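1. Sequence and predicted structure are below.
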Amino acid sequence: MKRLLPVLVLGTLTLAGCANTSPYSGNVYSGNQAKAAQNVTVGTITAMRRVQIQADSRAGGLLGSGGGAVIGGLLGNQVGGGSGRQLATVAGAIGGAVAGSKIEESTNRVDAWELEIRKDTGQTVVVVQKADQAFQVGQRVRMIGSGSSVSVAPY
């Protein structure tokens, strides 16, 4: 069992970061966006700041908390004996669930840009997308898409 514990820890921590953050990029299109006409508007970045996007976990948070509970319970079970061991196991499982949930939450954060863009029409919009390309204030950009699905790209 003691040899299995490091494998469980590494496996849980590896899988905890399994959120798909690609959709937050301006360089990634979903399957239904491919081969579909997109609206294009042009504007100028007037302000920008670094933000983070909290990506949704594919497992709905169960992987981090569940994996943490198992690991915490296994560690707690190594302490004491009798009813003390049972209490340590329960306390370890609860603590592990909380810690695992926090680890999963932090690994599912994505660095992003909040871009304030003044369209050539005079309207100002804000678009948040993954910070996987460089932008700067004053830069001309294209906004591709419409409604809740808009990506920003250099002009």
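-> Perfect, I can see it now.

2. what does the helix or strand hosting residue 47 rub up against?
-> Following DSSP states H and E, one finds residue 47 within strand 40-54. With C-beta atoms under 8 Å, 6 or more residues apart in numbering as the test, strand 40-54 has contacts from 21, 24, 105, 108-121, 124-125, 128, 130-131, 135-144, 155. For the C-beta atoms, the positions are set from N, CA and C on the backbone; glycine is no exception.

3. Next: stretch 131-140.
-> So stretch 131-140 is in contact with 25-27, 42-48, 50, 111-113, 115, 141, 152, 154-155, going by C-beta under 8 Å, 6+ apart.

4. Measure how buried residue 138 is and give me the count.
-> Residue 138 has 8 neighbours, counted by other C-beta atoms under 10 Å.

5. So residue 75, which state does it fall into?
-> helix (DSSP: H, G, I helix; E, B strand; the rest coil).

6. do the same with residue 90
-> Counting by three-state DSSP, the backbone at residue 90 sits in helix.

7. and it, how many neighbours?
-> By other C-beta under 10 Å, 14 other residues sit near residue 90.

8. list the buried ones in the strand holding residue 47?
-> Residues of strand 40-54 classed as buried: 41, 43, 45, 48, 53 (neighbour count, 16 or more other C-beta atoms under 10 Å).

9. Likewise for stretch 131-141?
-> Buried-residue list, stretch 131-141, by 16+ other C-beta under 10 Å: 131-132, 135, 139, 141.
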